[in-house]
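S.K.: Fold the following.
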Amino acid sequence: MKTDFYTEISANRWKTFFLLFLFSLVIIGLGAAFGQVLGKGMAITGMVIAFIISIIMITVSFYSGDKTVLSISRAKEVTKKDDPFLINTVEGLSIAAGIPMPKVYIIEETSINAFATGRDPEHASIAVTTGARKRLNRTELEGVLAHEMSHIKNFDIRYMMLVAVMVGVIVLFSDIMFRTFLWGGGNNDRKGGGGAVFIIIAIALAILAPIIAQLIRLAVSRKREYLADASGAQLTRYPPGLANALKKIRDDHDKVVDTANKATAHLYIENPLRNRRSFLNNMFSTHPDVNERIARLEAM
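M.R.: Now for the predicted structure:
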């Protein structure tokens, strides 16, 4: 069944909004539970504390997150003198997308991959591996770059950064709650059966919240990849370019980007740590199945 660019984009946007709504509920619930652990009537206080810590973490990540990612990835900035074709291709796509041209970086890595980072289109960067630059043909490379350009245009780079911060807040509060229980803290007024039930629920929430948050983060990341595929195909008006690039990435003998880690894996066009496949690995994968992505592109 044939689909069009706009259907793919609209469907994935709404699904992602729903996932972020679930994320917000987890954070609010965890903050309220933590407040109750601190003492009677402290639920609002817990939510306020969660909000303040979230703002601090988001602010720090907002202004320095992209530099950290590029440094970890050992990316080196490329100029037109270094690689005229690459720079001209990015420049042409940025004009077509109607956004400022991002900075371009290269990563010395034989594996085929790429990612975009930054806080907005005015402060964005695209990094490609040397494997992608050397082994993808013109339309394939353009498809990959258009995918990353779409992440920038759709504000995915900011979006995914905020989601990652939300996960950090949830994990932080869960750890604090769990340690509070271990050291015998909490509300001493909540004795008896009702208090015991509340404590059990709070402990369960402290343990399960990080797992739930991680699953939601990964689901959001997978949805954004589908959206960027559709938007990138819309940008080039040639879906086979990206589809063929994904086939090369899928069949690449070198599937691991050495400088990537679990914190940066969701940024790449395809999972840079995909050296093993299993049910659990697929569940916790930051990317949707590459064959499904190819099928969707070929159906456009």
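S.K.: that's a helix at Asn89, yeah?
M.R.: You called it Asn, but residue 89 is Thr. Yes: counting by DSSP: H, G, I helix; E, B strand; the rest coil, Thr89 is located in a helix.
S.K.: And the pLDDT for it?
M.R.: On pLDDT, Thr89 comes in at 96.
S.K.: burial count for it?
M.R.: 18 (other C-beta atoms under 10 Å). For glycine as for every other residue, the C-beta is placed from the backbone atoms N, C-alpha and C.
S.K.: Show me what Val104 is bridged to.
M.R.: According to DSSP bridges, the residues that bridge with Val104 are Ile126.
S.K.: neighbours of it, just the number please.
M.R.: Neighbours of Val104 under the rule other C-beta under 10 Å: 22.
S.K.: what's near enough to touch it?
M.R.: Val104 is in contact with Glu77, Val78, Asp83, Leu86, Ile87, Val90, Ser125, Ile126, Ala127, Val128, counting by C-beta atoms under 8 Å, 6 or more residues apart in numbering.
S.K.: Repeat the analysis, applying 10 Å as the threshold.
M.R.: Shown in contact with Val104 (C-beta atoms under 10 Å, 6 or more residues apart in numbering): 75, 77-80, 82-83, 86-87, 89-91, 125-128, 145.
S.K.: Can you flag the buried ones in these?
M.R.: Ala75, Val78, Asp83, Leu86, Ile87, Thr89, Val90, Ser125, Ile126, Ala127, Val128, Leu145 (16 or more other C-beta atoms under 10 Å).
S.K.: Find the nearest non-adjacent residue to the second one, please.
M.R.: Taking C-beta to C-beta, 6 or more residues apart in numbering, and ignoring the residues beside it in sequence, Val78 has Val104 as its nearest neighbour in space, at 4.7 Å.
S.K.: any idea how far the one you found is from Trp14?
M.R.: 32 Å (C-beta to C-beta, to the nearest Å).
S.K.: Also Val26?
M.R.: From Val26 to Trp14 the distance is 20 Å (C-beta to C-beta).
S.K.: okay, the two: which has more neighbours?
M.R.: Val26 (21 against 10).
S.K.: which residue sits closest to Met300, ignoring its sequence neighbours?
M.R.: Pro239 (4.5 Å).
S.K.: The one you found against His147, yeah?
M.R.: No: at 11.0 Å, Pro239 and His147 do not qualify as touching, with contact defined as C-beta atoms under 10 Å.
S.K.: so what sits against both of these two?
M.R.: If you check Pro239 and His147 against C-beta under 10 Å, 6+ apart, the residues they both contact are Asp229, Ala230, Gly232, Ala233.
S.K.: What about these, which are in helices?
M.R.: Judged by DSSP state H, the subset of the shared contacts of Pro239 and His147 located in helices is Asp229, Ala230, Gly232, Ala233.
S.K.: Pull the most distant pair out of the residues you listed.
M.R.: Ala230 and Gly232 (7.3 Å; C-beta to C-beta).
S.K.: Show me where the stretch 51-200 of the chain has its helices.
M.R.: In the stretch 51-200 of the chain, the helices defined using DSSP state H, counting those that start in this stretch lie at 84-97, 130-135, 138-153, 156-182, 192-236.
S.K.: tell me the angle the first one makes with helix 138-153.
M.R.: So that's helix 84-97. Put simply, helix 84-97 runs at 50 degrees to helix 138-153, going by axes from the mean of the first three to the mean of the last three C-alpha atoms, to 10 degrees.
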